[in-house]
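S.K.: Pasted the sequence and its predicted model underneath.
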Amino acid sequence: INNADLAMYNVKNRGKNDFEFYDLNMRNKLSKEMLIKALEEEELELYYQPKVNGVTGDITGMESLLRWNHPEKGFISPAEFIPLAEETGSIIAIGEWVLKKACEQTRRWNQMTNSSLVVAVNISNIQFGKVDFIEMVKRALKESKLNPKYLELEITESIAVNNEEEVINKLILLKELGVSVAIDDFGTGYSSLSYLQKLPIDTLKIDKVFVDDIVKDDTIAKMIIDMAQNLGISVIAEGVEREDQLNQLLKLGCGSIQGYLFSRPLPAEKFKDLLIKGNQL
Ligand code: C2E
Ligand code: CA
Ligand code: CA
Ligand code: CA
């Protein structure tokens, strides 16, 4: 291992395809077994971050964000364990659990508060690439009894690097199901307009890095918002922390907002309280 903070390598004497993940700073060691166990022992939990109408403060939906509350190591960030889950394949089981859980929760909340919240679920490229991905989505919808129009999947630009045709076919199937799709972290990849035009997607999600600087330089954010308008699709900004960023986004025509300015990701109970209180931030 070099002196990078995070290094992943195969521990040969632990058997085939058995990866371990070392965080050299914290001396933490995460393994595939731990991830599977986390799922079985209910150490994984979904938090929900509101998506709001930036003008009215109305909650229009929420993004589900995975949390791992490890009994000894405490809270472990998804940025740390999702890559391991992808590397070891446990992302398949975890991802299906996430989708089903988020759908069930949303069906209950919509029923309870008589609302039409759309839940956004992050999908890993590994998950999306599975031949039975669409079947898995159908299964989650069926088991949760959620109307597909209340489900949105967040994928990233890098999804169609290979197998563009297969990706497009799957996106068409999702559209037929009534599920919507957003391109997450938009602008950090290398999608051209002509490439984007081929993808049947519903929303571009402006990455936080472009929101961070937006007051000083709004070139990229403006470009993305105009691009969405030209494609006839929606746009949302993530990582909005300050009033001046919100105002700039509103000025550019982006009214759909997510970020600490309105709310951090919340545990399900807290999110529910928010809904009961009146669906507004
Ligand atoms: P992401 O999809 O880009 O999610 C946005 C991240 O920014 C979240 O971090 C969220 O908590 C954080 N965030 C939201 N608003 C603000 C803000 O105003 N300021 C700042 N500084 N941060 C903000 P989180 O929850 O740690 O998730 C990190 C990444 O892990 C996510 O990035 C996503 O790529 C991945 N992830 C989370 N849950 C899942 C999941 O269920 N499945 C998969 N495949 N990936 C997931
Ligand atoms: Ca996301
Ligand atoms: Ca994002
Ligand atoms: Ca991001």
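M.R.: Here it is on my side, so go on. Numbers count the residues shown, from 1 in each chain. Ligands and ions are numbered 1, 2, ... in the order given.
S.K.: Which positions in the stretch 1-150 of the chain make contact with ligand 1?
M.R.: 49, 65-66, 77-79, 82, 95, 98, 122, 124 (Cβ under 6 Å from any ligand atom). Where you see a C-beta, it was placed from the backbone N, CA and C, and this is true even at glycine.
S.K.: And these, which of them are buried?
M.R.: Buried subset of these (neighbour count, 16 or more other Cβ atoms under 10 Å): 49, 65-66, 78, 82, 95, 98, 122, 124.
S.K.: Of the residues you listed, which belong to strands?
M.R.: Among those, the ones falling in strands (DSSP state E) are 49, 65-66, 122.
S.K.: near ligand 1, which residues of the stretch 151-281 of the chain?
M.R.: Residues of the stretch 151-281 of the chain lying near ligand 1 (Cβ under 6 Å from any ligand atom): 184-185, 238-241, 259-260, 265.
S.K.: export these to a markdown table and tack on neighbour count and pLDDT?
M.R.: Shown next, in a markdown table, are these (neighbours: other Cβ atoms under 10 Å; pLDDT from 0 to 100):
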| residue | neighbour count | pLDDT |
| --- | --- | --- |
| Asp184 | 24 | 94 |
| Asp185 | 18 | 91 |
| Glu238 | 22 | 98 |
| Gly239 | 18 | 98 |
| Val240 | 25 | 98 |
| Glu241 | 14 | 98 |
| Gly259 | 23 | 98 |
| Tyr260 | 12 | 98 |
| Pro265 | 19 | 98 |
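S.K.: For Leu174, state which of those is nearest.
M.R.: Asp184 (14.9 Å; Cβ to Cβ).
S.K.: Please verify my assumption that Ile134 contacts Leu174.
M.R.: Yes. Judged on Cβ atoms under 8 Å, Ile134 makes contact with Leu174 at a distance of 7.1 Å.
S.K.: Confirm that Ile59 sits in a helix.
M.R.: No. If the criterion is DSSP: H, G, I helix; E, B strand; the rest coil, then Ile59 is strand and not within a helix.
S.K.: Assess the claim that it and Val52 are in contact.
M.R.: Yes. The criterion here is Cβ under 8 Å, and Ile59 meets it with Val52 at 5.5 Å.
S.K.: Quickly list what's touching both of the two.
M.R.: By Cβ atoms under 8 Å, 6 or more residues apart in numbering, Ile59 and Val52 have these common neighbours: Leu281.
S.K.: Which strands or helices does the longest helix seen in the chain pack on?
M.R.: In terms of residue count, the longest helix belonging to the chain (DSSP state H) is helix 91-113. Identification of packing neighbours for helix 91-113 by 3 or more Cβ pairs under 8 Å, 6 or more residues apart in numbering; DSSP states H and E yields helix 32-40, strand 44-53, strand 59-70, helix 78-88, strand 118-122, helix 125-129, helix 133-144, helix 268-277.
S.K.: element containing Glu165?
M.R.: helix 164-177 (DSSP states H and E).
S.K.: what distance separates that helix from the centre of its chain?
M.R.: Remark: helix 164-177 is offset 18 Å from the chain centroid, using Cα atoms, centre = their mean, to the nearest Å.
S.K.: Excluding sequence neighbours, find me the nearest residue to the residue sitting nearest the centre point of the chain.
M.R.: Nearest to the geometric centre of the chain sits Asn122, at 2.8 Å (Cα atoms, centre = their mean). Nearest residue to Asn122, sequence neighbours excluded (Cβ to Cβ, 6 or more residues apart in numbering): Glu154, at 5.0 Å.
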